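Provide a 3D model corresponding to the input given below.
(6 chains)
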There are 4 protein chains.
Amino acid sequence: MTAIKNEGRDGRRQRRIARRRQEILAAAARVFAAKGYANSTTREIANEADVAEGTLYNYFGNKREMLLAMAEQTETPLETAIMAVSRQDDRAAVIELFEAAFDFSETQIPFLRALLSEAWVDDELLELFLSTRLAHIEEQLRNYVSERISAGAFRVFDPILGARAVMGMYFGLMLPVIRGVAPLPSIEERRTLAETLADILLDGVRAREEN
Amino acid sequence: MTAIKNEGRDGRRQRRIARRRQEILAAAARVFAAKGYANSTTREIANEADVAEGTLYNYFGNKREMLLAMAEQTETPLETAIMAVSRQDDRAAVIELFEAAFDFSETQIPFLRALLSEAWVDDELLELFLSTRLAHIEEQLRNYVSERISAGAFRVFDPILGARAVMGMYFGLMLPVIRGVAPLPSIEERRTLAETLADILLDGVRAREEN
Amino acid sequence: MTAIKNEGRDGRRQRRIARRRQEILAAAARVFAAKGYANSTTREIANEADVAEGTLYNYFGNKREMLLAMAEQTETPLETAIMAVSRQDDRAAVIELFEAAFDFSETQIPFLRALLSEAWVDDELLELFLSTRLAHIEEQLRNYVSERISAGAFRVFDPILGARAVMGMYFGLMLPVIRGVAPLPSIEERRTLAETLADILLDGVRAREEN
Amino acid sequence: MTAIKNEGRDGRRQRRIARRRQEILAAAARVFAAKGYANSTTREIANEADVAEGTLYNYFGNKREMLLAMAEQTETPLETAIMAVSRQDDRAAVIELFEAAFDFSETQIPFLRALLSEAWVDDELLELFLSTRLAHIEEQLRNYVSERISAGAFRVFDPILGARAVMGMYFGLMLPVIRGVAPLPSIEERRTLAETLADILLDGVRAREEN
DNA sequence: AATGAATGAGATTTCATTCAT
DNA sequence: CATGAATGAAATCTCATTCAT
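Residues are numbered from 1 along each chain as shown, chains lettered A, B, ... in the order given. As a prediction, the model looks like this:
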C-alpha cells in the first residue's frame, strides 16, 4: 500500500517535473526566437520562465541542452503533414499536404524559429533537427513523384528536383511566417493557398492551349 | 609636379586602404558564415584577416559595422538576375532567370550565409539587407505574372502566390548551397536545373492528356 | 510563522547585500583616492574589495556608478559642520564651526579625495557632489555675515567675499590633509587651529593700536 | 661662411622646433584641461595641435613628458606675484600681492587646470609642480609675518597658520576660476577683491569698538 | 528542488606607441 | 621631420555556471 501511495506521489512528482521542464523549454524557445540563441542569456530565460537562474540547471545540464531538447521534441509541420497524407487523386492529395503543412500553432513558432536560427550556423543541430527530417521528407516526396511518373500520371523529369520544388514552394511561404514578418494564415487562407500551389505544381502557370 | 606626385601617392594610399577594408570584410564574412555573427570573435576575424585585433577598428567602428558594410555591398543573386532578364518567350525568360540566379561565386557564399544568418534574428539587418530587396524582386515577378495573365498566356491565379512560388523554388535549391550542405552547381547543372524548374513552373508536373 | 521566518531571512539578506555594497564602495574610494578615477582599474578595485571582478557588477551597473554612489552618500565636512553650528557670540560660533569642519575621519578621506579629484575634471560630478553643496554653504555664511553687518557687529564689506574668505581659509588647511600630504590634525590641534583662524578672521592679523 | 649660413639656418630651425613644441604643449594643455590627463588621447592632442599623432613623439618622448614639460614651464601666479611684491606699508603690500596673484591670462588657465588636476593624484607631479613652489611661497609669507610680528606690527600668532590663511583666501577665489566655473575677474574687480581681502586679513571682519 | 550571489573566463574596444614611407 | 596605419596590451563589462543556503 505504501508502495502504491509512493507510486502515486512519485507519479505526481514526475509529472510536476516534466511540466516544469516544458515550461522552461517554452520560455527558452520564446527568448531564443526573439534574440537568437547566442544573444539570449540564462537570466532572460529564467525571468521568462519565472524561476531562478540556478533552477534552470536542475532541469538542463547547460544552455545548449535546452536547444537540443527543443530539437528533439519539435517536429517540422511538413514532416507531420507528409506522414498523414491519404492517398486519393493527385490534386486532393497535394492540397491536403500543403494544407496540413501550414497547420501549425502560435506556440510552435518560437520553437521553429529558434531551431532554424541555430541550425543555420550549428552543424550538430542542423543534423539533429533538420537534415534527417528533410531527407526523410524529400525521400517520401521523391518516391511519390517516381511512382506517379512510372504510372504515366506525371511527365518524366528529375524526381529529386520535383521533390525540392514542392519543398521550396512550401518553405517560401512558411519561412516569413516563422521569421515573424508574415502572419500565420487562417484556416480559409490555408485552403486557398494550398489549392493555388497545388494547381501551379500540377498544371503549371501557363494557360492550356485549346484545341 | 608635387601635386601630381601627391595625387599619385594619395591615390595609391586610398586604394590600399580600400583593399585592406575589403580583405577584412571578406575575412569577417568567412568567420561569420562559419559560426554566426554572435559566436564569432574579433580575435578570430583578426586572425583570419591576418591583422592585429586593433587594426580592425581602424577600418570599422565596431563589430556590427562589419555586418552592416556587408549588407550594403552584397547583392542577392536573384536580385541581380531579375534586373538582367531579357524579354523573350516565357520559357526562355524563366530559364534565363533561374540560370542567372544560380550564378554566384564561391566568394559570395560566405557573405550571403553570414547575412542570412543574422537577418533571421536581427530586425534591422533583415530590413537593410533583405526585406526591401525581396519586396522589389517580388514586385517584379508579380508584375510579370499579372501581365502574362492579362495577355492570356497564363492561367488566372493570385500573382502574389505565383511570385512566391517562383521565389520558393529558387530558395529551396539555393539555401542548402549557401548553408554549405549542397555543392555549388556547375554551369551544366545550372542549365538543367533551370530548364526543369521552368518546365514545372510553366506546365506543371502532371502529364498532359493526349487527345 | 513562515512569513516571519522569511522576513528575518530577507532582512538579513538585505543587510548583507547593503554591507557588501558599502565594502565595495570603500574599496573603490581607496583605489580612486590613490590613483584617480580614470587610472583605477576594476581589477584593482576588486582586489582591494577582495571579490571577483564580476561581483562588482552585481552591485553597480558600471564603474562610474560607484563614483556617483560615493557622491551621493558622502557629505563635505564643512557642510555638516555649518548645519550644526549653534548661535553664541561670534568668536565661539566661528571656533565651533572651524573645529567641527575639521572633524572628519580617516575613512572619510578616501571618499573626499576621490570625489574632489574627479569633480575637478567631470562637470556632472562637480554638479552632483560639490556645486550645490558649496552654494548652500556659501549662502549660509553669506546670510550670517550680512546679518552681523546689519547688526553693526561686523564692518561693512562684501558678504560674498567674506563667505569666500572663510571657505578659503578652511580649504587651504583641509585640502593638503585630503590630498594626503598633511596629517589629520588631532583634537587638540583642531582646537588651536580653529581659535587662530577665528581670531584672524574676526580681528585680522594687525596689532590693535593702543590708545 | 658656410658655418655662418648654417648657424643662421640652424637658428631658424631651432626656433621653429621650439615654437612647434610650444604649440603642441598648449594644445595638450587645452585637451588635458578639458578632460583630464588620463581621459585625453594622443589623437585628440594631435588634432588640437593640427599635427599627426606620430609627430608628437618627435617632440616628446611620451604622453607623460608633455605633462612634465608643462609643470616645468608653468608658474603659479601667486609665486610670480610674491617675488615681485615691493615693500611698502602692509596694506599696500598685501593689496599688491593679491592683485598681482590674480593677474593671470586666459592662456595660462588650461595649463594650471591640467596640472592641478593631475597633481591631485600624481605624487611626482605634485612634487615637481606644486610642493616646492608652495613651500617656497609659504616660506616667504611666513618670514614676512614673523618679521612683522617681531616689529610689533602684527599680533602674536602662529606664522604658519597666517601664511596658510593668506594662501587659503587666495586659492578659495582662484580655484573656481581655474576650474572654469567662475569668470576671470577684470582689472577693476581684481582691485576691489584685493582690497577687501587685504582688509579682512589685516583688520578682520569685526567692527572696532569705538572708545 | 529552489535560490541568486559569486565567480572568472572571455568578449569587445581603446589607445599609447612604433615604424615604414 | 611628418605622417598615420598597425600593433597589442590592457581596460571594461557580460554571462554561463557553480554552490552555499
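
can you name the residue of chain A nearest chain C?
Residue nearest to chain C within chain A (Cβ to the nearest Cβ): residue A:43, separated by 11.7 Å. (C-beta placed from N, C-alpha, C; glycine too.)

I'd assumed residue A:52 was in contact with that residue.
No. Using Cβ atoms under 8 Å, residue A:43 makes no contact with residue A:52, being 9.8 Å away.

related to what we said a few turns ago, ok, the residue of chain A closest to chain C - contacts?
residue A:53 (Cβ atoms under 8 Å, 6 or more residues apart in numbering or on different chains).

point to the residue nearest the middle of chain A.
residue A:76 (1.8 Å; Cα atoms, centre = their mean).

could you check how far that one is from residue A:133?
In this view, residue A:76 and residue A:133 are 6 Å apart by Cβ to Cβ, to the nearest Å.

spatially nearest residue to residue A:155 (excluding sequence neighbours)?
In space, and not counting its chain neighbours, residue A:155 is closest to residue B:207: 5.0 Å by Cβ to Cβ, 6 or more residues apart in numbering or on different chains.

and DNA strand F, is the longest helix seen in chain A touching that?
Of all the segments of type helix in chain A, defined by DSSP state H, the longest one is helix A:2-35. No. On the criterion Cβ under 7 Å from any atom of the strand, helix A:2-35 is out of touch with DNA strand F, staying 9.4 Å away.

please point out which parts of the helix or strand following that helix sit buried.
Using DSSP states H and E, the helix or strand that follows helix A:2-35 in sequence is helix A:42-49. If you call a residue buried by 16 or more other Cβ atoms under 10 Å in any protein chain shown, then helix A:42-49 has these buried ones: A:42, A:44-46, A:48-49.

with stretch A:159-176 instead?
A:159, A:161-175.

would you confirm that the residue nearest to the centre of chain A contacts residue A:108?
No. Using Cβ under 8 Å, residue A:76 makes no contact with residue A:108, being 9.7 Å away.

for chain A, give me the ranges with low pLDDT.
Chain A contains residues with pLDDT under 70 at A:1-9, A:209-211.

for the closest residue to residue A:153 other than its chain neighbours, what are phi and psi?
Using Cβ to Cβ, 6+ apart and skipping residues adjacent in sequence, the residue nearest residue A:153 is residue B:207, 6.0 Å away. Torsion angles at residue B:207 (phi, psi; degrees, to the nearest 10) stand at phi -70, psi 140.

OK, contacts around residue B:207?
Contacts of residue B:207 (Cβ under 8 Å, 6+ apart): A:152-155.

okay, it and chain D: tell me how far apart.
Using Cβ to the nearest Cβ, to the nearest Å, one gets 73 Å for the distance from residue B:207 to chain D.

if I look at that residue, how far off is residue A:148?
For residue B:207, the distance to residue A:148 - Cβ to Cβ - is 9 Å.

residues contacting residue A:159?
A:142, A:145-146, A:149 are the contacts of residue A:159 under Cβ under 8 Å, 6+ apart.

up against DNA strand E, what does chain A have?
Counting by Cβ under 7 Å from any atom of the strand, the residues of chain A near DNA strand E are A:13, A:17, A:20, A:51-55, A:57-59.

which of the residues you listed fall within helices?
A:13, A:17, A:20, A:53-55, A:57-59.

now, which of the residues you listed sits nearest chain D?
Relative to chain D, and with distances defined as Cβ to the nearest Cβ, the nearest of these is residue A:53, at 36.1 Å.

what are the boundaries of the strands in chain A?
With DSSP state E, there are no strands along chain A.

that one: helices as residue ranges?
Under DSSP H, chain A gives helices at A:2-35, A:42-49, A:53-59, A:63-73, A:77-84, A:90-101, A:108-119, A:123-125, A:132-150, A:159-179, A:187-203.

tell me if I'm right that residue A:97 and residue A:83 touch.
No. Using Cβ under 8 Å, residue A:97 is not in contact with residue A:83; the gap is 10.4 Å.

can you give me the end-to-end span of stretch A:98-116?
Using Cα to Cα, to the nearest Å, the end-to-end distance of stretch A:98-116 comes out at 20 Å.

before we move on, back to that, just the buried subset of the ones in helices among the residues of chain A next to DNA strand E, please.
By 16+ other Cβ under 10 Å, those give residue A:59 as buried.

what is the most widely separated pair among the ones in helices among the residues of chain A next to DNA strand E?
A:13 and A:53 (22.9 Å; Cβ to Cβ).

now residue A:93, nearest residue through space, not along the chain?
residue A:85 is the one closest to residue A:93 (Cβ to Cβ, 6+ apart), at 5.8 Å.

mind checking the backbone torsions on the one you found?
The phi/psi pair for residue A:85 (degrees, to the nearest 10) is phi -60, psi 130.

how about the contacts made by it?
Residue A:85 touches A:93, A:96-97, A:100, counting by Cβ under 8 Å, 6+ apart.

show me the two of these that sit farthest apart.
Maximum distance among the contacts of residue A:85 (Cβ to Cβ): 10.7 Å, for A:93 and A:100.

those two - which one has more neighbours?
residue A:100 (19 against 16; other Cβ atoms under 10 Å in any protein chain shown).

what's the burial count for the spatially closest residue to the more buried one that is not a sequence neighbour?
Spatially, and ignoring its direct neighbours in sequence, residue A:100 is nearest to residue A:81 (3.6 Å; Cβ to Cβ, 6+ apart). For residue A:81, the neighbour count with other Cβ under 10 Å is 21.

from residue A:43, how far off is residue A:81?
37 Å.

what of residue A:196?
For residue A:196 relative to residue A:43 (Cβ to Cβ), the value is 46 Å.

same question, residue A:137
Residue A:137 sits 37 Å away from residue A:43, going by Cβ to Cβ.

just confirm yes or no for stretch A:161-171 near chain B.
Yes. Stretch A:161-171 reaches chain B (Cβ under 8 Å from any Cβ of the partner chain) through A:161-162, A:164-165, A:167-171.

and of those, the nearest to chain D?
residue A:171 (50.1 Å).

for that closest one, what are its contacts?
Counting by Cβ under 8 Å, 6+ apart, residue A:171 has contacts B:168, B:171-172, B:175.

6 Å - rerun?
Neighbour list for residue A:171: residue B:172 [criterion: Cβ atoms under 6 Å, 6 or more residues apart in numbering or on different chains].

nearest residue to residue A:191 other than its sequence neighbours?
residue A:99 (6.2 Å).

so who does residue A:184 touch?
Applying Cβ under 6 Å, 6+ apart, the residues near residue A:184 are residue A:177.

return the distance of it relative to residue A:167.
20 Å.
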